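Visitor: Show me how the following folds:
(4 chains)
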There are 2 protein chains.
Amino acid sequence: MAKQGYHHGNLRQALVEAALELIQAQGPGGFTLSEAAKRAGVTPAAVYRHFAGREDLIAECARQGYAIFADVMEHAWNGGAPAPLAAFGATGRAYLAFARRFPGHYVAMFESGIAPNRSPELAAGAARAEAVMLRATEVLLSSLPAARRPPASMVAAHVRAMSHGVVELFARAAPGSAGPWAPEDLLESGIGIYLRGLGILPPDN
Amino acid sequence: MAKQGYHHGNLRQALVEAALELIQAQGPGGFTLSEAAKRAGVTPAAVYRHFAGREDLIAECARQGYAIFADVMEHAWNGGAPAPLAAFGATGRAYLAFARRFPGHYVAMFESGIAPNRSPELAAGAARAEAVMLRATEVLLSSLPAARRPPASMVAAHVRAMSHGVVELFARAAPGSAGPWAPEDLLESGIGIYLRGLGILPPDN
DNA sequence: GCCTATAGTGAACCCCATTCACATCACCGC
DNA sequence: GCGGTGATGTGAATGGGGTTCACTATAGGC
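Guide: Numbers count the residues shown, from 1 in each chain, chains lettered A, B, ... in the order given. Reported below is the predicted structural model:
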């Protein structure tokens, strides 16, 4: 990954990876183009051969993040196997697992102020991930009688909101301020109660 | 609010208000000390007579935000009157209303990277707001038989996560990317389904 | 072995955060 | 009123980051 001669060979991706480490370590505000360039063994100006600027580099991190995220969600959903409910639960856990495993990507995607419709590629990745969640929700809801079936897009939004909220408030906060509940348990129990409210899980427990 | 003579008279608060406007307009990253100073009619160096630096100014915005937020939540809760469920719903709506009405404060509190335990005053405001939400949840849950009553702190965390998630994903995003649902409706319906899952609202609709 | 497109450098510019010596003013005791 | 003193604001300087631009080094085709 270090530069060999005058040319780097793979500077673009090296910059992305340096940026991801820095974003993860110092937050989106603390990240600097210059520091990323230094880590890649290159002057700041060289960055502009590969990216339009600082924002564009962050956007590329987010783009790769959305791509990974969509893959992860598709893998968790697994076409609904072995059962819709189990696969749905897997996508929920995958959401949190992604945030834990790819914190730099997660921050670039959701905390950097980069709008998902900043570029078509970004929007495409975000849309693919959302499509998986929507599909998982649709299949899950299909077991309900039509009269008691709320719109899938609404339910998907509820689930996504709670997942995102748990990550932001309880998984990415300073340890100790998170309260007595582990984020994974919090999300699992919250979605469980919600699914009972929908009539997908039986009452009581 | 403009400077009269050599001395401003109320520079500290004028800076806070300028900062809030800028944070609201440009996000926490786009906000600059210099611009806030210029708006208050003062050189950047003058800011340091009132704040330790840029971060400290943002933290003061957050502090005032937490104070307002706690007041708003207490007012909405209103001691549980006229009924626990109605008062609980009012606090949920108040959460969203606060984010809409005080966007600068909201961003300073939740999107600026300022840790709530950065200072005792910040932590105190945050704790007061959380106490209201916890109290509202406790009273709401007290109608449930003990066997079917989950811990109030867990339920409060669920509600807070969904509220925060709805705000971040659907209320503060670019218009059009929010999907077909108004954030207020989304939160109302989501909490409604959740409360049905708890057995606080009757099944069906 | 030249020639050219590609990739990186160095210096420059501007903006911002921060510091410090200095200037100005409000208020206090007399 | 009057001078002194502490609080408040200024101007200049430092250092760092983002961005641009002219220039340079290199790789790879001919």
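
Visitor: So what touches stretch A:52-68?
Guide: A:15-16, A:19-20, A:23, A:28, A:31-33, A:36, A:47, A:51, A:98, A:102, A:104-106, A:108-109, A:112, A:114, A:116, A:118-119, A:121-122, A:125-126, A:128-129 (C-beta atoms under 8 Å, 6 or more residues apart in numbering or on different chains). C-beta: built from backbone N, CA, C; applies to glycine.

Visitor: Got a quick ChimeraX command for the buried subset of the residues you listed?
Guide: Here is the ChimeraX command that selects the buried residues among the contacts of stretch A:52-68 (16 or more other C-beta atoms under 10 Å in any protein chain shown):
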select /A:15,16,19,20,23,28,31,33,36,47,51,98,102,104,105,106,108,109,112,114,116,118,119,122,125,126,128,129
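
Visitor: Can you narrow the contacts of stretch A:52-68 down to the ones near DNA strand D?
Guide: Contacts with DNA strand D within the contacts of stretch A:52-68, as defined by C-beta under 7 Å from any atom of the strand: A:Phe31, A:Thr32, A:Leu33.

Visitor: following whichever helix in chain A runs longest, which helix or strand comes up?
Guide: What stands out as the longest helix in chain A, according to DSSP state H, is helix A:54-77. Using DSSP states H and E, the helix or strand that follows helix A:54-77 in sequence is helix A:84-101.

Visitor: elements contacting that next one?
Guide: helix A:54-77, helix A:103-110, helix A:120-141, helix A:152-166, helix A:183-198 (3 or more C-beta pairs under 8 Å, 6 or more residues apart in numbering or on different chains; DSSP states H and E).

Visitor: any low-confidence regions in chain A?
Guide: A:1-4, A:6, A:174-178, A:204-205 (pLDDT under 70).

Visitor: what residues does it put near DNA strand D?
Guide: Checking chain A against DNA strand D by C-beta under 7 Å from any atom of the strand, the hits are A:5-7, A:31-35, A:44-45, A:48, A:53-55.

Visitor: can those residues go into TSV with extra columns for distance to A:Phe88 and secondary structure?
Guide: Output for the residues of chain A next to DNA strand D, formatted as TSV (distance: C-beta to C-beta, whole Å; DSSP: H, G, I helix; E, B strand; the rest coil):
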residue	distance to A:Phe88	secondary structure
A:Gly5	52	coil
A:Tyr6	53	coil
A:His7	48	coil
A:Phe31	35	coil
A:Thr32	41	coil
A:Leu33	41	helix
A:Ser34	44	helix
A:Glu35	41	helix
A:Pro44	46	helix
A:Ala45	49	helix
A:Tyr48	44	helix
A:Gly53	40	coil
A:Arg54	38	helix
A:Glu55	35	helix
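
Visitor: Could I have the PyMOL command that selects the buried members from those?
Guide: Per 16+ other C-beta under 10 Å, the buried members of the residues of chain A next to DNA strand D correspond to this PyMOL selection:
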select buried, chain A and resi 31+33+35+54
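
Visitor: Out of the residues of chain A next to DNA strand D, the closest to B:Met73 would be?
Guide: Distance to B:Met73, by C-beta to C-beta, is smallest for A:Phe31 among the residues of chain A next to DNA strand D, at 34.0 Å.

Visitor: now the closest one: how far from A:Leu57?
Guide: Distance of A:Phe31 to A:Leu57, given as C-beta to C-beta, to the nearest Å: 9 Å.

Visitor: Overlap in contacts, those two.
Guide: A:Ala19.

Visitor: sorry, back to before: helix A:84-101 and the longest helix of chain A, what's the angle between them?
Guide: 150 degrees (axes from the mean of the first three to the mean of the last three C-alpha atoms, to 10 degrees).

Visitor: and the angle from helix A:54-77 to helix A:103-110?
Guide: Using the same axes, to 10 degrees: helix A:54-77 against helix A:103-110 is 110 degrees.

Visitor: Show me which residues of helix A:54-77 are buried.
Guide: A:54, A:56-70, A:72-74, A:76-77.

Visitor: Could you dump the residues of chain A next to DNA strand D into CSV and include distance to DNA strand C?
Guide: Output for the residues of chain A next to DNA strand D, formatted as CSV (distance: C-beta to the nearest atom of the strand, whole Å):
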residue, distance to DNA strand C
A:Gly5, 9
A:Tyr6, 5
A:His7, 4
A:Phe31, 15
A:Thr32, 12
A:Leu33, 11
A:Ser34, 10
A:Glu35, 14
A:Pro44, 7
A:Ala45, 3
A:Tyr48, 7
A:Gly53, 13
A:Arg54, 13
A:Glu55, 15
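
Visitor: which of the residues of chain A next to DNA strand D lies closest to B:Arg148?
Guide: The closest of the residues of chain A next to DNA strand D, once distances to B:Arg148 are taken by C-beta to C-beta, is A:Phe31, at 47.3 Å.

Visitor: Contacts only, for the closest one.
Guide: A:Ala19, A:Leu22, A:Ile23, A:Ile58.

Visitor: Look up how far A:Ala173 lies from A:Gly192.
Guide: Counting by C-beta to C-beta - A:Gly192 and A:Ala173 are separated by 23 Å.

Visitor: Hmm, I typed the wrong one, I wanted A:Ala156.
Guide: Distance from A:Ala156 to A:Ala173, by C-beta to C-beta: 25 Å.

Visitor: Comparing those two, which residue is more hemmed in?
Guide: Taking other C-beta atoms under 10 Å in any protein chain shown, A:Ala156 and A:Ala173 do not tie; A:Ala156 has more neighbours (22 against 16).

Visitor: With adjacent residues omitted, what lies nearest to that one?
Guide: Closest residue to A:Ala156 apart from its sequence neighbours, by C-beta to C-beta, 6 or more residues apart in numbering or on different chains: A:Thr137 at 4.2 Å.

Visitor: Return the residues in contact with that neighbour.
Guide: Neighbours of A:Thr137 in contact, by C-beta under 8 Å, 6+ apart: A:Phe88, A:Ala152, A:Ser153, A:Val155, A:Ala156, A:Val159.

Visitor: neighbours around the third one, how many?
Guide: This points to A:Ser153. Residues contacting A:Ser153 under the criterion other C-beta under 10 Å number 16.
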